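Asks: Fold the following, please.
(one chain, ligands or ions: 1)
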Amino acid sequence: MTKLSLSKEKIKVVLLEGVHPDAEQMFRQDGYDNLHVLKSTPDDAELKVLLKDAHILGIRSRTQLKGDILDSCGKLMAVGTFCIGTNQVDLETCKKRGIPVFNAPFSNTRSVAELVMGEIILLLRGVPEKNAKAHRGEWFKSALNSNETRGKTLGIVGFGHIGSQLGILAEAMGMKVKYFDIENKLPLGNSEAIASLHDLLPQIDVLTLHVPSTELTKNMIGETELSLLPKGAYVINAARGDILDIEALAAHMESGHLNGAAVDVYPTEPASNSEPFESPLRQFDNVILTPHIGGSTQEAQVNIANEVADKLIKYSNNGSTSSAVNFPEVSLPSLHEDLTRVMHIHENKPGMLEKLNHAFSSQGINIAAMYLQTSGDVGFVIMDVQCESSDPIVAQLKDIEGTVRVRVLH
Ligand code: NAI
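Replies: Residues are numbered from 1 along each chain as shown. Model prediction:
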């Protein structure tokens, strides 16, 4: 259980793994001076020393915040993963200890959409094949199977952030856009929602996948689905490697049913750049193979830095937990200068609110505003109160059974 009523200069912010410099700049501009920024990923022993008294931690995908590393973070109040995934963090333990975790799930939407749009153009012109031949010294000047995008139909599976952004780009190129989504998604522009995946497939020239990896989407495009595509169609997967049956795709390339494909994600991917890449698709000239770089751009890195640093600063400054991945989400207004903001994170048990109210009324403290949100076994209550000193009420709140953490902002 921790009480925090720290000035910004005292809040220790640790940024590891070379997160984009914009993040550090944002903290500094907001008055945070106690910054420890490392380009590297420290080993466990170094980490424990560094994190012993850290309040805010920013990592990318390599630092594992689990087990005894997490146990060594006695003062940690918030974590930012400066990337998309959060698998490297024990989210449940963080939640139980009152530590919200923030990430940047949609900061590379545009990067993926642009790559896929480029691939559609290149595939329809047969550029991958012509390029591969030219590299081998062959001259393959031909208009056969070489088409404009204008007037062709793009089938998008998953009309979320990336799918819908791609739809807008494709329409600007003169393509017709049809999509299938499990949710009822409003069409954008002239795009058309199709009721089922199997209805969509025979109607399109290019299929592109933009669904998450779930039980429902595992191998959702296999032999049956590929057979439903018209002869000469193209397939693009820049979503997740387990959504598309890659052996079935290779078979449809081999038979000549498909004209080409572009794949960015694979059922198994090399763990590092020094490991070899194996795939049954390597043999086909008209298949674009990229090493999971759909979202890897400088712009996306900047977006991630801004988004995650902003969320951490907001939480530190006023308690807002909007879009935290493991925590009750509360969006709070700025704190009025006459008030004190008391934040109480607790085990979500019946009667907690009554005990909190009793604590304030017993000390004659007026509550000007109250916000409450729960998520599973954790509750988060924020009270803006009028009081001279917060110490007595903080002491009383800490004594309430089930209290995880009390923070005070002045
Ligand atoms: P999103 O959550 O905004 O959109 C996903 C859409 O898929 C939603 O509209 C959802 O309703 C729909 N959906 C979910 N299950 C479905 C099902 N069974 N059938 C049909 N539709 C279904 O996600 P976003 O940001 O558009 O990302 C899409 C995919 O792209 C994700 O798999 C993500 O991991 C991947 N991605 C890949 C990157 C890369 O580097 N190649 C970078 C960023 C994201």
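
Asks: can you list the residues of the stretch 51-200 of the chain near the ligand?
Replies: By CB under 6 Å from any ligand atom, the residues of the stretch 51-200 of the chain that approach the ligand are 84, 106, 108-109, 112, 157-163, 180-183, 185. (Each C-beta comes from the backbone N, C-alpha and C, glycine too.)

Asks: are any of the residues you listed buried, and which?
Replies: Neighbour-count burial (16 or more other CB atoms under 10 Å) applied to these gives 106, 108-109, 112, 157-163, 180-181, 185.

Asks: Between all of those residues, which two are separated the most?
Replies: The distance between the two most remote of those (CB to CB) is 22.9 Å, for Asn108 and Phe180.

Asks: Specify the residue ranges that define each domain of the protein.
Replies: As assigned by automatic domain parsing, the chain contains the domains 1-107+297-327, 109-289, 328-410.

Asks: how far does the second one stretch from start to finish?
Replies: Same thing as domain 109-289. 20 Å (CA to CA, to the nearest Å).

Asks: coming back round to it: got a markdown table for the domains of the chain, with mean pLDDT too?
Replies: Shown next, in a markdown table, are these (pLDDT from 0 to 100):
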| stretch | mean pLDDT |
| --- | --- |
| domain 1-107+297-327 | 93 |
| domain 109-289 | 97 |
| domain 328-410 | 92 |
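
Asks: what helix or strand is the closest residue to the ligand within the stretch 301-410 of the chain on?
Replies: Nearest residue of the stretch 301-410 of the chain to the ligand: Ile304, at 11.2 Å (CB to the nearest ligand atom). Assessed by DSSP states H and E, Ile304 sits inside helix 298-318.

Asks: from the chain's centre, how far out does that helix sit?
Replies: In terms of CA atoms, centre = their mean, to the nearest Å, the centre of helix 298-318 is set 12 Å apart from its chain centre.

Asks: now swap in stretch 132-140 and tell me
Replies: Distance, stretch centre to chain centre, for stretch 132-140: 40 Å (CA atoms, centre = their mean).

Asks: What of stretch 283-292?
Replies: Centroid separation between stretch 283-292 and its chain, computed with CA atoms, centre = their mean, is 26 Å.

Asks: does any bit of that stretch sit next to the ligand?
Replies: Yes. Against the ligand, stretch 283-292 shows contacts by CB under 6 Å from any ligand atom at His292.

Asks: if you skip the residues just before and after it, what's nearest to the spatially most central residue of the chain?
Replies: Nearest to the geometric centre of the chain sits Pro105, at 1.9 Å (CA atoms, centre = their mean). Nearest residue to Pro105 in three dimensions, chain neighbours excluded: Ile84, at 5.7 Å (CB to CB, 6 or more residues apart in numbering).

Asks: In contact with that neighbour, which residues are there?
Replies: Asn103, Ala104, Pro105, Ser107, Asn108, Gly295 (CB atoms under 8 Å, 6 or more residues apart in numbering).

Asks: Next, format the residues you listed as CSV and append secondary structure.
Replies: Below are those laid out as CSV (DSSP: H, G, I helix; E, B strand; the rest coil):
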residue, secondary structure
Asn103, coil
Ala104, coil
Pro105, coil
Ser107, coil
Asn108, coil
Gly295, coil
